[in-house]
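1. just coords:
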């Protein structure tokens with residue numbers, strides 16, 4: 001075992017993001033103070049907790065003020081909490097409430113003589129305009145160069161008629177399935193190896209409700225910002241695609257000039273790490289602005305990326321070598337050593353857990369000394385690991401079971417039998433819960449497990465071959 005410290009070449013992107021609409025700080029503070037839970041989106045759109053939506057209008061010149069307050073509203077004399085149709089602040093910043101006309105189209109308040117601040121204001125030129133937005137003729141000047149899709153040409157929502165029967169292990173009719181409380185108000189995004197489309201499924205349903213059309217078969221999909229957006233990497237595409245779940249639209253493509261694969265989300269810091277193995281690069285995306293902020297040059301062809309305790313770990317697929325990126329030490333690269341047939345990594349309290357799929361063993365490495373702490377036998381064909389609390393959970397594909405290991409002494413304390421008689425491949429935590437989802441790629445099942453109780457809550461079958469299943473909060477904006 002050897003240790004090699006190499007200073008990473010770190011390139012910081014200073015170009016201004018086309019999506020970084022800047023709401024004035026005084027307006028942001030005012031809204032946060034008066035509307036609990038308000039969402040000020042990265043493109044400037046303002047969303048109240050009840051899904052009331054305001055479009056911001058920037059004045060050509062802000063008025064000089066000491067304290068921000070509302071100057072005028074329509075209807076008159078309304079507080080912001082009462083959600084008036086138009087809000088004009090004393091710095092001439094304006095909020096236009098998104099309304100619906102008699103035919104269901106999105107619009108704003110129609111006035112014979114709009115106030116000067118409204119007529120001369122300008123929508124953010126990078127705003128994600130709700131599809132089908134219709135503006136009054138006397139307000140067309142607020143658009144500027146902003147593209148307004150009045151025909152919903154960029155909507156990627158399709159009522160898919162795809163049949164997957166030839167790819168399914170069993171094609172018999174699946175009996176009705178009951179919904180567990182933990183999946184209420186959730187949405188499932190399912191990817192397959194046989195379709196370009198991301199299937200959108202209601203919990204406990206066997207077939208997709210609709211699909212999100214893609215340009216190539218997805219490699220990885222992650223839901224971010226409380227399920228409002230999907231980050232997607234696809235085969236033979238040098239882009240990170242960003243989808244707005246609310247209105248089923250591609251809203252941005254980040255050109256990486258390399259072919260991205262895995263996506264790892266850091267919810268605490270609102271960042272996403274995107275690997276480009278062929279370019280030996282990890283890209284860092286700011287999820288607040290949906291902009292590329294950094295690219296980290298690394299060694300080797302990276303895969304199996306994990307993040308723990310401000311360190312990134314990955315496996316160089318070509319050399320079977322494991323590396324750590326210590327972000328507390330100027331992005332130093334630490335060579336952990338070579339381990340053949342690595343199937344998964346996990347890290348906690350300076351201990352790195354490494355599974356060997358062929359040997360069905362786990363090596364535990366002391367990060368400080370890079371020496372071997374423990375080695376123990378695990379479930380047959382371990383394919384994934386997760387740490388939750390004081391325990392390590394190891395998924396075995398051969399017998400479809402999960403071994404629960406105490407981190408204090410590396411002893412088995414429990415074993416969970418999935419009972420699907422298939423081939424389990426993925427084991428992922430569901431954000432902000434004590435739940436995990438296990439995907440069976442052979443039988444097209446996914447299982448929900450309560451990690452605190454080491455208990456299976458429910459196993460669901462689907463009429464879709466499942467490469468991966470992502471569970472996120474249901475989003476209804478712009479419906």
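-> Everything's here; your move. Predicted, not measured: the structure shown is a model, and the values here were computed from it.
2. which stretches of the stretch 101-250 of the chain form strands?
-> With strands called from DSSP state E, counting those that start in this stretch, the stretch 101-250 of the chain shows them at 106-107, 157-158, 186-191, 198-201, 210-212, 218-224, 229-234, 239-244, 249-255.
3. nearest to residue 382, out of these?
-> Comparison of the strands of the stretch 101-250 of the chain against residue 382 by CB to CB identifies strand 218-224 as nearest, at 20.9 Å. (Each C-beta comes from the backbone N, C-alpha and C, glycine too.)
4. now for the nearest residue to residue 273 once chain neighbours are set aside: which residues touch it?
-> Leaving aside its chain neighbours, residue 273 sits nearest to residue 264 (4.4 Å; criterion: CB to CB, 6 or more residues apart in numbering). The neighbours of residue 264, taking CB atoms under 8 Å, 6 or more residues apart in numbering as the test, are 272, 273, 274, 275, 305, 306, 307, 312.
5. residues near the fifth one, how many?
-> In other words, residue 305. Number of residues near residue 305 (other CB atoms under 10 Å) recorded here: 20.
6. wait, it sits on residue 282?
-> Yes. Counting by CB atoms under 8 Å, residue 305 touches residue 282, with 7.3 Å between them.
7. common neighbours of these two, please.
-> Common contact partners of residue 305 and residue 282 (CB under 8 Å, 6+ apart): 273, 275, 312, 314.
8. out of those residues, which is most surrounded?
-> residue 275 (29 neighbours).
9. any idea what it is bridged to?
-> Following DSSP bridges, residue 275 is listed with bridge partners residue 282.
10. okay, now the closest residue to residue 204 other than its chain neighbours: neighbour count?
-> Distance criterion CB to CB, 6+ apart; nearest residue to residue 204, sequence neighbours excluded, is residue 179 at 4.1 Å. By the criterion of other CB under 10 Å, residue 179 has 14 neighbours.
11. tally of neighbours for residue 226?
-> Counted with other CB under 10 Å, the neighbours of residue 226 add up to 14.
12. please apply the same query to the one 10 residues further on.
-> Using other CB under 10 Å, residue 236 has 9 neighbouring residues.
13. contacts only, for it.
-> By CB under 8 Å, 6+ apart, the contact set of residue 236 is 216, 259.
14. torsion angles phi and psi at it?
-> phi 60, psi 30 (degrees, to the nearest 10).
15. now residue 27
-> The phi/psi pair for residue 27 (degrees, to the nearest 10) is phi -70, psi -40.
16. could you say which helix or strand contains residue 36?
-> Counting by DSSP states H and E, no helix or strand carries residue 36.
17. what is the nearest of the shared contacts of residue 305 and residue 282 to residue 356?
-> The closest of the shared contacts of residue 305 and residue 282 to residue 356 turns out to be residue 314 (CB to CB; 16.7 Å).
18. mind listing what the spatially closest residue to the closest one that is not a sequence neighbour touches?
-> Excluding its sequence neighbours, the residue lying closest to residue 314 (CB to CB, 6+ apart) is residue 302, at 4.1 Å. Going by CB under 8 Å, 6+ apart, residue 302 touches 275, 277, 280, 282, 314, 315, 316, 317, 323.
19. so residue 209 makes contact with residue 202?
-> Yes. Using CB under 8 Å, residue 209 makes contact with residue 202 at a distance of 5.5 Å.
20. now do the shared contacts for these two.
-> With CB under 8 Å, 6+ apart as the test, residue 209 and residue 202 reach no residue in common.
21. and residue 87, what does it touch?
-> Neighbouring residues of residue 87 by CB under 8 Å, 6+ apart: 54, 70, 73, 80, 94, 95, 97.
22. pretty sure the first one is touching residue 99, no?
-> No. When contacts are counted by CB under 8 Å, residue 54 is not listed as touching residue 99 (10.8 Å).
23. just the pLDDT for the residue lying closest to residue 317 once chain neighbours are set aside.
-> Counting by CB to CB, 6+ apart, residue 301 is the residue found nearest to residue 317 once chain neighbours are left out, at 4.5 Å. In this model, residue 301 is scored at 96, pLDDT.
24. pull the contacting residues for residue 301.
-> Residue 301 is in contact with 277, 278, 280, 316, 317, 318, counting by CB under 8 Å, 6+ apart.
25. roughly how far apart are it and residue 260?
-> Distance of residue 301 to residue 260, given as CB to CB, to the nearest Å: 13 Å.
26. if we can go back for a sec, what's the closest of the strands of the stretch 101-250 of the chain to residue 445?
-> Distance to residue 445, taken as CB to CB, is lowest for strand 186-191 among the strands of the stretch 101-250 of the chain, at 12.2 Å.
27. other residues contacting the closest one?
-> Identification of contacts with strand 186-191 by CB under 8 Å, 6+ apart yields 198-203, 208, 212, 218, 221, 223, 227, 230, 245, 462, 464, 466-475.
28. who does that strand pair up with?
-> Strand pairing for strand 186-191, using DSSP bridges, gives strand 198-201 (antiparallel), strand 468-473 (antiparallel).
29. tell me the most buried of the ones you listed?
-> Here the criterion is mean neighbour count by mean count of other CB atoms under 10 Å, and of the strands paired with strand 186-191 the winner is strand 198-201, at a mean of 22.
30. now do that one: everything it contacts.
-> Defining contact as CB under 8 Å, 6+ apart, one finds that strand 198-201 is touched by 160, 187-192, 207-212, 214, 218, 221, 230, 232, 462, 464.
31. sorry, back to before: which one of the shared contacts of residue 305 and residue 282 is nearest to residue 43?
-> Nearest member of these to residue 43, counting by CB to CB, is residue 273, at 22.6 Å.
32. so that closest one versus residue 341, what's the distance?
-> Relative to residue 341, residue 273 is positioned 24 Å away (CB to CB).
33. equivalent analysis for residue 234, please.
-> Applying CB to CB, the value for residue 234 to residue 341 is 28 Å.
34. the two: which is more packed in?
-> Higher neighbour count among residue 234 and residue 341: residue 234, with 22 against 11, using other CB under 10 Å.
35. OK, contacts around the residue nearest to that one when sequence neighbours are not counted?
-> Setting aside the residues directly before and after it, residue 234 is nearest to residue 216 in space (CB to CB, 6+ apart), at 3.8 Å. The neighbourhood of residue 216, defined by CB under 8 Å, 6+ apart, consists of 196, 234, 235, 236, 237.
36. hmm, residue 215 and the third one touching each other?
-> So that's residue 235. No. Contact criterion CB under 8 Å: residue 235 and residue 215 do not qualify, at 9.8 Å.
37. of the two, who's got more company?
-> Using other CB under 10 Å, the more surrounded residue of residue 235 and residue 215 is residue 215, with 16 against 13.
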